[in-house]
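In: Kindly return the folded structure for what I paste below:
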Amino acid sequence: IADWSFLEDLLEKGQEYSTPIGRVWLTVLFLFRLLVLGTAAESAWDDEQADFVCNTRQPGCTPVCYNTAFPISHFRYFVLQVIFVSTPTIFYFGYVAVHAGKKDSEEKEKERSGGSEPDCAKSSDEPVKLRGTLLGVYMFSILLKVLLETGFIVGLWFLYDGFFIAAKFECTGFPCPHTVDCFVSRPTEKTIFTIYTQVIAAVSLLLNLTELLHLLARAHACICTHTHTHTHTHTMYFSTICTVLVTRTLGTWPGRAWKKN
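Out: Now for the predicted structure:
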């Protein structure tokens with residue numbers, strides 16, 4: 001119970017330091033990926049090696065053909081995909097949990113001292129807490145998720161020459177005596193689940209890209225606002241200095257002293 005309680009607190013704290021798009025991505029992860037993998041998809045691959053039948057009785061031929069046809073089980077590949085894609089978010093939530101107390105104490109100290117937040121942070125639609133180093137770590141985790149998701153989608157395509165699972169697989173090579181026809185159990189069901197998982201992966205990838213572009217645009221707008229304010233302040237400062245210098249110069253000009261005499 002304590003472990004589930006800790007996980008619940010970690011997820012709750014992590015969502016407070018995430019964007020709305022990030023929370024949607026987390027919902028897609030739990031409902032449309034983990035839930036489907038743990039219930040429906042697992043049963044489709046529970047008998048894949050036992051029901052992989054080849055039209056030969058040559059010892060060792062069927063296992064070799066199965067290994068050639070499926071270097072890694074689709075189901076295990078999907079599990080690895082979810083684990084690796086979720087890892088950056090898990091590390092980010094851990095980072096949030098470690099530094100949440102420090103951030104809260106800093107905010108309370110700023111409130112007591114009467115400090116104010118930057119204008120760009122106040123005008124943002126995102127939570128004020130997501131800024132600075134925390135924002136950089138968050139964007140880095142999103143970038144890692146984009147790279148990992150893309151790598152797994154492309155890797156599955158090249159590993160199996162697409163997302164469709166054929167009902168028949170032709171196998172050649174030792175120890176098979178000739179070209180052997182092997183047959184896969186429930187190929188249509190497996191194809192449907194394979195396409196489903198990759199469509200959801202593509203949706204997750206699109207959410208990550210949208211969130212990353214949104215955060216980059218937000219950071220760019222904040223930098224531009226800060227630069228404009230900084231430039232305007234310097235312009236006013238130098239204008240004031242020039243006015244003072246001109247006034248003093250005219251005040252000490254010999255012509256003005258001559259007129260007074």
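In: Tell me which helix or strand the residue sitting nearest the centre point of the chain sits in.
Out: Relative to the mean C-alpha position of the chain, the nearest C-alpha, by C-alpha atoms, centre = their mean, is the one of residue 142, at 2.6 Å. Assigning secondary structure by DSSP states H and E places residue 142 in helix 132-159.
In: Residue 13 too?
Out: Under the assignment given by DSSP H and E, the secondary-structure element containing residue 13 is helix 2-16.
In: swap in residue 182?
Out: strand 180-183.
In: How about residue 22?
Out: Using DSSP H and E, the element containing residue 22 is helix 20-28.
In: For the helix or strand just after that helix, give the mean pLDDT please.
Out: Per DSSP H and E, helix 20-28 leads on to helix 35-36 as the next helix or strand towards the C-terminus. For helix 35-36, the mean per-residue pLDDT is 91.
In: Likewise for stretch 138-150?
Out: Stretch 138-150 shows a mean pLDDT of 96.
In: swap in stretch 181-198?
Out: Here the mean pLDDT over stretch 181-198 is 94, rounded to a whole number.
In: which other residues reach that stretch?
Out: Around stretch 181-198, the neighbours that count as contacts under C-beta atoms under 8 Å, 6 or more residues apart in numbering are 33, 36-37, 40-41, 44-45, 47-48, 51-55, 62, 65-66, 69, 74, 78, 81, 153, 156, 163-171. Every residue, glycine included, has its C-beta placed from N, CA and C.
In: any low-confidence regions in the protein?
Out: Low-confidence segments of the chain (pLDDT under 70): 1-7, 101, 103, 114-129, 220, 223-261.
In: Just the buried positions in the helix holding residue 142, please.
Out: When burial is assessed from 16 or more other C-beta atoms under 10 Å, helix 132-159 yields the following buried residues: 134-135, 137-139, 141-142, 144-146, 148-149, 152-153, 156.
In: And that helix, how far out from the chain middle?
Out: Here helix 132-159 shows a centroid-to-chain-centroid distance of 5 Å under the convention C-alpha atoms, centre = their mean, to the nearest Å.
In: Quick one: residues contacting the residue nearest to the centre of the chain.
Out: By C-beta under 8 Å, 6+ apart, residue 142 lies in contact with 22, 88, 208, 211-212, 215.
In: again with residue 28
Out: By C-beta under 8 Å, 6+ apart, the neighbours of residue 28 are 200, 203-204, 207.
In: coming back round to it: from the buried residues of helix 132-159, which two are the most distant?
Out: Between any two of the buried residues of helix 132-159, the greatest separation by C-beta to C-beta is 33.3 Å, found for 134 and 156.
In: For stretch 156-174, which outside residues touch it?
Out: 54, 61, 64-65, 68-69, 71-72, 74, 77, 81, 178-184, 187, 190-191, 194-195, 198.
In: Looking at those, which are in helices?
Out: The helices, defined by DSSP state H, take in 61, 64-65, 68-69, 74, 77, 81, 187, 190-191, 194-195, 198 from those.
In: Residue 19 touches residue 214, doesn't it?
Out: Yes - in this structure, residue 19 sits in contact with residue 214. The criterion is C-beta atoms under 8 Å, and the distance is 7.2 Å.
In: Which one of these two is surrounded by more residues?
Out: Relative neighbour count places residue 19 above the other of residue 19 and residue 214, with 20 against 15, counting by other C-beta atoms under 10 Å.
In: Distance of the more buried one relative to residue 138?
Out: 8 Å (C-beta to C-beta, to the nearest Å).
In: what sits in contact with each of the two?
Out: Between them, residue 19 and residue 138 share the contacting residues 130, 215, judged by C-beta under 8 Å, 6+ apart.
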